[in-house]
Each structure stands twice: as C-alpha cells, then as structure tokens.
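Asks: Here you go, sequence then predicted model.
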Amino acid sequence: MYATPKDLVDAFRTYSRDTVAPYLWSDTELYQYATEAEASVAQELLCLQDMTSAAAVIRVSAGEPTVPLHPSTLRIRSAFIITPTNEQRSLELRTMDGMRDAKVFVDTGFPRVLIIGGSAGTARVYPIPTEEGTLQLTIFRTPLKALSASAKFEIPFHYTPALMEWMIYLAYRKQDADTFSPGQSAAGMAGFMEYMRKYQRAESLKN
C-alpha cells in the first residue's frame with residue numbers, strides 16, 4: 001500500500017528500473033498515470049461518496065429546470081432541494097422514461113423529482129422551479145484533483161495497491177522503442193482487474 005502519490009511513483013520507478021536520468025517516463029507522465037489510476041479505482045468500486053463538495057451542492061435558478069452535474073459524478077444516490085428559507089424536500093430520482101405522463105417541459109412549482117439520464121452531464125428538476133434554491137446531492141464520484149508529489153489520495157488507503165497495476169498498464173503502452181511492451185501492459189491490466197475482483201468480493205462479504 002502507498003501512503004502518498006510520491007511513494008507510488010517511487011515504487012513504480014523501482015519496479016520498472018527507471019531510477020536514473022534520463023528517465024523513460026517523466027514525473028509528469030507518472031503522476032498523470034497515477035491520476036488516471038485513482039479515477040479508475042473510484043469508477044470500478046464506487047468508493048468515493050460525497051455530499052459536501054462543490055460537486056454535490058448545486059445552485060438552482062428560478063425558471064431553469066436544467067442543472068449541470070459535476071464531471072466527476074458517477075452516480076447520484078439521493079437528492080434534496082433546499083429553499084432560501086431553509087425548507088427542505090427529498091426529491092425522487094427518476095429517468096426520463098419514468099416521466100412519460102408528466103408535463104416535464106411545462107409544469108412549474110416546488111420540485112419533487114430529479115430526472116437523470118436525459119442529457120449527458122446534466123439533470124433536470126421537476127416541476128420547473130419557481131424560486132431559486134440549492135440542490136443537495138449525495139453522489140459517488142471520481143477524485144476532484146490531479147495527483148502530484150504534494151497531493152493526497154482520495155480513495156481509501158487499502159485500495160492503493162491497485163494503482164500500481166494501472167500505471168503499469170498505461171506506462172507500457174507508451175509508443176516508444178524503450179517502453180512499448182504489450183505483454184507487460186496486458187499484465188498490468190490483468191493485475192488491476194484481479195484487484196478489483198478481490199476488493200468487490202471483500203465488500204460483498206461485508207454487506
């Protein structure tokens with residue numbers, strides 16, 4: 001397990017014997033691979049839950065039913081609408097297919113439903129709000145920031161071993177005579193997926 005992104009990058013350099021300059025992979029490349037690895041773990045395991053960041057708290061404007069979802073959002077677990085007077089109401093989550101009998105584009109009032117899946121990157125409140133408010137979500141998401149030597153992982157510590165395997169997968173796909181190795185890249189992907197199956201089994205046993 002790796003306590004910091006720097007520990008992970010150092011471990012990759014040791015694994016790949018890329019410890020002496022000029023390096024086969026720059027620090028910039030390796031931190032990019034690490035960032036992609038953390039996002040992949042979060043996407044596979046849905047291990048980052050959030051209800052407090054800017055990704056989970058969205059302003060709703062009067063007369064505007066469409067709300068932008070943060071690019072990190074993977075799945076919405078629950079939604080609430082909060083008025084300027086702190087009135088709160090739970091919203092029902094539905095798809096557009098579940099709104100066939102509703103006048104989605106006409107009805108106005110206090111929102112009762114959050115419609116998801118209608119357009120990429122957005123959701124829609126129904127009825128169309130007649131006053132401004134705040135949409136409070138509980139979501140699964142990917143990390144909000146890229147990794148660097150001074151950054152911290154967002155995924156749980158016990159999932160960090162899988163990051164090395166994804167880095168191996170990406171690093172050995174690099175189109176360079178000294179780095180391109182389909183076999184090693186495939187082994188990295190296989191190792192990553194084995195970690196995912198292991199972690200998913202562990203979580204299912206807990207549940």
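Replies: Everything's here; your move. Numbering: from 1, shown residues only.
Asks: tally of neighbours for the closest residue to Ala187 other than its chain neighbours?
Replies: Leaving out its chain neighbours, the residue that sits closest to Ala187 by Cβ to Cβ, 6 or more residues apart in numbering is Ile168, at 7.0 Å. (C-beta placed from N, C-alpha, C; glycine too.) A count of nearby residues for Ile168, using other Cβ atoms under 10 Å, gives 25.
Asks: One more: the one 4 residues further on?
Replies: Neighbours of Tyr172 under the rule other Cβ under 10 Å: 21.
Asks: that older thread, angles on the backbone of the residue nearest to Ala187, please.
Replies: The phi/psi pair for Ile168 (degrees, to the nearest 10) reads phi -60, psi -40.
Asks: wait, what's in contact with the nearest residue to Pro65 once chain neighbours are set aside?
Replies: Spatially, and ignoring its direct neighbours in sequence, Pro65 is nearest to Ile128 (4.5 Å; Cβ to Cβ, 6+ apart). Going by Cβ atoms under 8 Å, 6 or more residues apart in numbering, Ile128 touches Gly63, Glu64, Pro65, Val106, Asp107, Thr108, Gly109.
Asks: between these, which has the most around it?
Replies: Per-residue neighbour counts (other Cβ under 10 Å) across the contacts of Ile128 peak at Pro65, which has 20 neighbours.
Asks: if we can go back for a sec, could the contacts of Ile128 be laid out in TSV, adding distance to Leu45?
Replies: Shown next, in TSV, are the contacts of Ile128 (distance: Cβ to Cβ, whole Å):
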residue	distance to Leu45
Gly63	39
Glu64	34
Pro65	33
Val106	41
Asp107	38
Thr108	40
Gly109	39
